[in-house]
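Participant: Mind looking at a prediction? Sequence and model below.
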Amino acid sequence: MYTQALDLPPSPEDKSVVRLAHTAPDQADLQAAFDRRIDADGRIEPQDWMPEAYRKTLVRQISQHAHSEIVGMLPEGNWISRAPSLKRKTILIAKVQDEAGHGLYLYSAAETLGTSRDEMLAALHSGKAKYSSIFNYPTLNWADVGVIGWLVDGAAIMNQIPLCRCSYGPYARAMVRVCKEESFHQRQGYEALLSMMKGTAEQHALVQDAVNRWWWKCLAMFGPPDDQSPNSAQGMRWGIKRISNDELRQKFVDATVPQAELLGVTLPDPDLKWNESRQHYDYGAIDWDEFWATVNGNGPCNKERLATRVKAWNDGQWLRDAALAHARKESQRTRQEAA
Ligand code: BYC
């Protein structure tokens, strides 16, 4: 994978690795060295010792993130065949293809922690693994595609820029490229909406309707409030998360309000107003019951999304089998030629 350290920790069966048991540091020394590196804001690499809980948290977060990128291709992919012009179609194809690339960087980053891609995908396909709540809502009209770019990708960037400084090296490096591409995605969405807002009253209404349907879901995307977020404190201590769910949500609201004004749409929140003393926008209450229902599999499109991914996986079996057979033949040929 691009920019990743591919040298994984040696397997215990690898006899070429000499292990000096009598000089091996004990668990407490390893933990202390790990803590010092985290405290000094250093990076942890795949070959380094790390606590099992740190490894587990990273596999959880990175694989969820990868699944979100892959499932996130579906709502927009739905509009490729119906894009209103050739220009919009090529942009949308490129964007959806970027999301596939992001999924692959992220699966590769998670694999450096010793979990196979097959294990991660099996967890997704069985419904055990989570992916972002936001992709369980339908894209009803073309304006939804623009709003996904503007608001969903905008929220994603807000969450993901701090991940470029995550303490785990492969994840942080993958995020640098992901963020550059997400930034293009956000701007193309906003630009598509600006075009629609220069159009007819019917087009304005489509944009406003899409904003009304996506706004609250985007705010929930940042995760539960800090005082109800079980993973936040430890994630922050380990330098995986750098900014809390609530702080990121606030930054997103503050950045988005002026963009909505420029676009000429209303954000569907009567409580949204500038608070002079806080120097931030206040906003209304998020429906957390709806969020949890969606996260737990009962959103409008959860079943459809999962069924589509499982079908794609099953339909691709012949190709994976053929690729493996080809690779086996190639390596056999190379060995014969070398003999
Ligand atoms: N949806 O303790 P918390 C994209 C879960 S891709 C579903 O705060 P944490 C894009 C959370 O996993 C967007 N589940 O957790 C792609 C945890 O459950 P578990 C994805 C959510 O990890 C294509 C529980 O709630 N981005 O943007 O400290 C096209 C408690 O939460 C959600 C990433 O994955 C949610 N929205 O913080 C366009 C970024 N929120 O795992 C766009 C990387 C929370 O304990 N991930 N949960 O069973 C993160 O930054 C963090 O994992 C989160 C959650 C902020 C998401």
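Facilitator: Yep, that arrived. This is a predicted model, so every value here is computed, not measured. Residues are numbered from 1 along each chain as shown.
Participant: can we go C-alpha only for contacts and neighbour counts from here?
Facilitator: Noted.
Participant: can you give me the helices for the stretch 151-300 of the chain?
Facilitator: 153-160, 169-197, 201-220, 232-237, 245-263, 288-293 (DSSP state H, counting those that start in this stretch).
Participant: Need the residues that contact the last one.
Facilitator: Pointing back at helix 288-293 there. Helix 288-293 has contacts (Cα atoms under 8 Å, 6 or more residues apart in numbering) with S133, K217, A220, P224, G299.
Participant: quick one: which two of these are the most distant?
Facilitator: Greatest spacing in the contacts of helix 288-293, by Cα to Cα: P224 and G299 (16.6 Å).
Participant: Name the spans of the chain whose pLDDT lies under the cut-off.
Facilitator: Residues of the chain meeting the criterion pLDDT under 70: 1-24.
Participant: So which bits of it are right by the ligand?
Facilitator: Applying Cα under 6 Å from any ligand atom, we find that the chain lies next to the ligand at 61, 64-65, 68-69, 72, 99, 130-133, 152-153, 156, 159, 221-224, 229-232, 245, 295.
Participant: Quick one: buried ones out of these?
Facilitator: Buried by 16 or more other Cα atoms under 10 Å: 61, 64-65, 68-69, 72, 99, 130-133, 152-153, 156, 159, 221-224, 232, 245, 295, out of these.
Participant: hang on, the earlier thing: just to be sure, which of the residues of the chain next to the ligand are found in strands?
Facilitator: Judged by DSSP state E, strands contain none of these.
Participant: picking that back up, I'd like the contacts of helix 288-293 laid out as CSV, including distance to D39.
Facilitator: Shown next, in CSV, are the contacts of helix 288-293 (distance: Cα to Cα, whole Å):
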residue, distance to D39
S133, 33
K217, 35
A220, 31
P224, 26
G299, 40
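Participant: And those, which is closest to L324?
Facilitator: When the contacts of helix 288-293 are compared against L324 (criterion: Cα to Cα), the nearest one is S133, at 34.2 Å.
Participant: what sits against the closest one?
Facilitator: Per Cα under 8 Å, 6+ apart, neighbours of S133: M221, F291, T294, V295.
Participant: Packing partners of whatever helix or strand D29 lives in?
Facilitator: Element membership of D29, judged by DSSP states H and E, is helix 27-39. Helices and strands touching helix 27-39, as assessed by 3 or more Cα pairs under 8 Å, 6 or more residues apart in numbering; DSSP states H and E, are absent.
Participant: Buried by neighbour count: which residues of it qualify?
Facilitator: For helix 27-39, by 16+ other Cα under 10 Å, it's L30, F34, D35, I38.
Participant: Look up the closest residue to the second one, ignoring the ones flanking it.
Facilitator: Just to be clear, that refers to F34. M50 (6.6 Å; Cα to Cα, 6 or more residues apart in numbering).
Participant: Leaving out sequence neighbours, find the closest residue to the residue most central in space within the chain.
Facilitator: Nearest to the geometric centre of the chain sits H65, at 3.5 Å (Cα atoms, centre = their mean). Excluding the flanking residues, the one nearest H65 by Cα to Cα, 6+ apart is Y131, at 6.6 Å.
Participant: ok, that neighbour - contacts?
Facilitator: Contacts of Y131 by Cα under 8 Å, 6+ apart are Q64, H65, H67, S68, V71, V295.
Participant: Kindly report the same for Y283.
Facilitator: D269, D271, L272, K273.
Participant: want to throw the residues you listed into CSV with neighbour count?
Facilitator: Formatted as CSV, the contacts of Y283 follow (neighbours: other Cα atoms under 10 Å):
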residue, neighbour count
D269, 13
D271, 11
L272, 14
K273, 13
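Participant: Stretch 274-292 spans what distance, first to last residue?
Facilitator: End-to-end distance for stretch 274-292, by Cα to Cα, to the nearest Å: 29 Å.
Participant: Then stretch 42-61?
Facilitator: So stretch 42-61: terminal residues 20 Å apart, Cα to Cα.
Participant: contact partners of that stretch?
Facilitator: By Cα under 8 Å, 6+ apart, stretch 42-61 touches 5, 7-9, 30-31, 34, 37-38, 110, 112-113, 115, 166-170, 235, 238, 240.
Participant: can you check stretch 245-265 too?
Facilitator: Against stretch 245-265 from outside (Cα under 8 Å, 6+ apart): 154-155, 158-159, 193-194, 197, 207-208, 211, 219, 222-226, 266-267, 280-281.
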